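Q: this is a predicted model, with the sequence first.
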Amino acid sequence: MDSMLPFLQTLEGLGAYSLLFVLLFGCGIGLPMNEDIVLLFASALTLKGTFDPVTLITVAWVALVGGDGLVFFWGHKLGASALKHRLLGRIISQNRLEAMQSTMSRYGPAYIFVVRFMPGIRTPLFFAAGSLKMPYRHLFLFDGIGALIELPLLVYGVRYVGGRWDEILALIHKFQDIAFPTILVLLILIWIYQRHKSRTTSK
């Protein structure tokens, strides 16, 4: 991760988008990378012209939903037996799978929408949802809508704070587990405050 992000900054065009897709898809299937940091970093690169905001959102949406879909497929087709695989066994244990299945059964398919905004447990929960034989349409509907909300807020939120990005990036690295939801809320609050301030000034 530490080497991929600086390398991403040196690329442009198809090469940059391709690497971004690979990184985000890898995050979705449980590789040891922080999806939220990749997204925030890529959003910041729109300020430097490396990525176009709309194209970034499109590529990221396909990568995220595609990665989640593959994990869901593993859960749907293989269930608990997939945990014998070394990679999946590291991501989720049998006990954790049962706990995740209980959570998904309790809240239903719409909980997939909530999961999209919960860093750190997305992959196990998508796997659990698949192992419960939930229809694929539920994943693509709720996860797709969640990503469609998350990505524009994130990309344009980072563009909005502009020059303060270096300070935000420092906080991300310091508090990785809670950084994304906290920063997303802060970006929304800053936007609301600035909108209110501009309206008050114009009156």
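A: Here it is on my side, so go on.

Q: point out where the protein drops to low pLDDT.
A: Counting by pLDDT under 70, the chain has low-confidence residues at 1-6, 80-94, 162-203.

Q: would you list every one of the helices in it?
A: Chain-ordered helices for the chain, with DSSP state H as the definition, fall at 4-10, 13-28, 35-45, 53-78, 86-91, 94-107, 111-115, 122-131, 136-161, 165-174, 176-202.

Q: point out the most buried one among those helices.
A: Of those, the one with the most neighbours on average (mean count of other Cβ atoms under 10 Å) is helix 122-131, at a mean of 26. (C-beta placed from N, C-alpha, C; glycine too.)

Q: who are the packing partners of it?
A: Secondary-structure packing of helix 122-131 (3 or more Cβ pairs under 8 Å, 6 or more residues apart in numbering; DSSP states H and E): helix 53-78, helix 86-91, helix 94-107, helix 111-115, helix 136-161.

Q: dump the ones you listed into CSV; add distance to residue 28 as well.
A: Output for these, formatted as CSV (distance: least, Cβ to Cβ, whole Å):
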stretch, distance to residue 28
helix 53-78, 2
helix 86-91, 11
helix 94-107, 16
helix 111-115, 12
helix 136-161, 10
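
Q: so which of these is nearest residue 47?
A: Nearest to residue 47 among these is helix 136-161; the distance by Cβ to Cβ comes to 6.2 Å.

Q: what angle separates that closest one from helix 13-28?
A: Relative orientation of helix 136-161 versus helix 13-28 (axes from the mean of the first three to the mean of the last three Cα atoms, to 10 degrees): 120 degrees.

Q: who does helix 136-161 touch, helix- and strand-wise?
A: Contact analysis of helix 136-161 by 3+ Cβ pairs under 8 Å, 6+ apart lists helix 35-45, helix 53-78, helix 111-115, helix 122-131, helix 165-174, helix 176-202 as its packing neighbours.

Q: what's the burial count for residue 109?
A: 16 (other Cβ atoms under 10 Å).

Q: returning to that earlier point: indicate which one of the helices and strands packed on helix 122-131 is closest to residue 25.
A: Closest among the helices and strands packed on helix 122-131, once you apply Cβ to Cβ, is helix 53-78, at 4.5 Å.

Q: now residue 46. Nearest residue, chain neighbours left out?
A: Spatial nearest neighbour of residue 46, chain neighbours left out: residue 53 (5.0 Å); criterion: Cβ to Cβ, 6 or more residues apart in numbering.
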